[in-house]
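Trainee: Return atomic coordinates for the entry below.
(one chain, ligands or ions: 4)
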Amino acid sequence: AKQTGKNNYIFYQEMTGKQLYKYYLTLKNDLMSAVSLDQLYLEYQPIMDSSGNHIQGIEALVRWNHPEHGVIMPLHFIPLAEEIGVIRELGEWVIRKAIKDAGEWNRRYNEALKVAVNVSKFQLKSKNELFTVIDSSLKENGFPAELLQIEITESDTVTEYEEIAIFIKELKARGICVALDDFGVGASSLFNLVKLNVDIVKIDRSFLQKVPENEKDTILLKGIYGILHDLGIEVVTEGIETIHQLEFVTAKNLSSLQGYYFSEPIPLNKLIELKDILHESSL
Ligand code: C2E
Ligand code: MG
Ligand code: MG
Ligand code: MG
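Mentor: Residues are numbered from 1 along each chain as shown. Ligands and ions are numbered 1, 2, ... in the order given. Sure thing, here's the model as predicted:
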């Protein structure tokens, strides 16, 4: 899957404007039936605790296995799905599948892994239907609401503040955990962030890219950890790729960890191999 993703990238690079336009037109058309033709699948990326030794949760990330073009990554089709309105059906499929998968995993291994699902502001247009799916999925799978984490992108809160504030209240009333995703690139204010009352903030990976080399970014990141900690907000640092980044973040011991250093998004059945590696290295 990874290979195809990379090939796809080169493929886009080589296309002319006109070809790219036609390509996206085809994709939009094909996307209409992607859910019903069972072409979507989920990969999961582990979220580690602050020690980096234990998996505390998994994030569901959708992929589209296109019959001609191979695996297509979400950044290339989620915006299209939002544009043509398929995001509703797609988002509901993701919720159902993620809760079912995590429920089976937790029963099978007697664990309490959290499962994180991304939701975009466009999905709030069909919010009632979304909640019907969430509620019924939790019930049917006997899955605790506390183990479901809904991720909302910080930049969505800038444009859709009121709508999202209500959505968050409704999620929290159910005991569902709310994370603010890609924090640091959306230019929302810290004051609004506090008012939104989210449980978790996920620091965007662009933040970590120049740490610890860039002194100002490092100071900023340390400060953010401190503020969020004092506010009682949990932190996940995204995009940990190197041992140096890991050492910087774990030294603060204030953040859960996510990134290629631990694992790329993988099929759920591959997660067991990661668990074995972690288990062996802790013996
Ligand atoms: P996100 O929610 O911020 O998810 C994390 C993205 O960062 C994933 O990309 C993941 O593969 C990538 N990533 C994780 N660790 C690293 C790292 O160490 N280095 C680098 N360079 N990248 C890393 P992916 O799977 O391509 O997803 C991109 C975005 O698409 C997601 O960003 C999310 O906002 C959106 N998305 C994915 N699945 C869904 C979905 O089911 N529904 C909606 N609405 N959006 C989704
Ligand atoms: Mg996310
Ligand atoms: Mg996201
Ligand atoms: Mg993110």
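
Trainee: contacts, neighbours, all on C-alpha from now
Mentor: Fine.

Trainee: which SS state does Gly232 fall under?
Mentor: coil (DSSP: H, G, I helix; E, B strand; the rest coil).

Trainee: May I have the phi/psi pair for it?
Mentor: Taking degrees, to the nearest 10, you get phi 80, psi 20 for the backbone angles of Gly232.

Trainee: and if you look at the one 10 residues further on?
Mentor: Summarising the backbone geometry of Thr242 under the convention degrees, to the nearest 10, its torsions are phi -120, psi 160.

Trainee: Tyr23 too?
Mentor: Dihedral pair for Tyr23: phi -60, psi -50, per degrees, to the nearest 10.

Trainee: That one: how many residues sit nearby?
Mentor: 15 (other C-alpha atoms under 10 Å).

Trainee: next one: the one 3 residues further on
Mentor: Residues lying near Thr26 (other C-alpha under 10 Å) number 11.

Trainee: got it, and the one 3 residues further on?
Mentor: Other residues near Asn29 come to 13 when the count uses other C-alpha under 10 Å.

Trainee: quick one: secondary structure of it?
Mentor: Assignment for Asn29 (three-state DSSP): helix.

Trainee: just Ala116 next, same as before
Mentor: Applying three-state DSSP: Ala116 is strand.

Trainee: got a pLDDT number for it?
Mentor: Looking at Ala116, its pLDDT reads 99.

Trainee: Please report the distance of it from Asp217.
Mentor: 27 Å (C-alpha to C-alpha, to the nearest Å).

Trainee: the more surrounded of those two?
Mentor: Ala116 (27 against 16).

Trainee: which ones are touching the more buried one?
Mentor: 57-60, 148-151 (C-alpha atoms under 8 Å, 6 or more residues apart in numbering).

Trainee: in which helix or strand would I find Ile47?
Mentor: Following DSSP states H and E, the helix or strand that holds Ile47 is strand 40-48.

Trainee: Outside of the following helix or strand past that strand itself, list whatever touches it.
Mentor: For strand 40-48, the succeeding helix or strand toward the C-terminus, using DSSP H and E, is strand 55-66. With contact meaning C-alpha under 8 Å, 6+ apart, strand 55-66 is reached by 34, 39-49, 70-74, 94, 98, 113-118, 265, 275.

Trainee: Give me the buried entries from these.
Mentor: Buried members of those, scored by 16 or more other C-alpha atoms under 10 Å, are 34, 40-49, 71-73, 94, 98, 113-118, 265.

Trainee: Of those, which ones also sit close to ligand 1?
Mentor: Under the cut-off given by C-alpha under 6 Å from any ligand atom, ligand 1 has 73, 94, 118, 265 from the buried ones among the contacts of strand 55-66 close to it.

Trainee: and which of those residues is nearest to Gly226?
Mentor: Asn118 (25.8 Å; C-alpha to C-alpha).

Trainee: Look up the closest residue to that closest one, ignoring the ones flanking it.
Mentor: Glu151 (4.6 Å; C-alpha to C-alpha, 6 or more residues apart in numbering).

Trainee: before we move on, the earlier item: how far off strand 55-66 does the strand holding Ile47 point, in degrees?
Mentor: Interaxial angle, strand 40-48 versus strand 55-66 (axes from the mean of the first three to the mean of the last three C-alpha atoms, to 10 degrees): 160 degrees.

Trainee: Counting by contacts, list what strand 40-48 packs against.
Mentor: Counting by 3 or more C-alpha pairs under 8 Å, 6 or more residues apart in numbering; DSSP states H and E, the packing neighbours recorded for strand 40-48 are strand 55-66, helix 87-109, strand 256-257.

Trainee: got the angle between it and helix 87-109?
Mentor: 50 degrees.

Trainee: can I have strand 40-48 written out in PDB, keeping just the CAs?
Mentor: Only the C-alpha atoms of strand 40-48 are listed here, as PDB (Å, rounded to 0.1, in the frame of the first residue of the first chain):
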ATOM      1  CA  LEU A  40     -12.300   1.900   1.200                       C
ATOM      2  CA  TYR A  41     -10.300   0.400   4.000                       C
ATOM      3  CA  LEU A  42      -8.800   1.600   7.300                       C
ATOM      4  CA  GLU A  43      -5.200   1.700   8.500                       C
ATOM      5  CA  TYR A  44      -4.400   2.400  12.100                       C
ATOM      6  CA  GLN A  45      -1.500   4.300  13.500                       C
ATOM      7  CA  PRO A  46      -0.600   3.600  17.100                       C
ATOM      8  CA  ILE A  47      -0.600   6.400  19.700                       C
ATOM      9  CA  MET A  48       2.000   5.700  22.400                       C
END
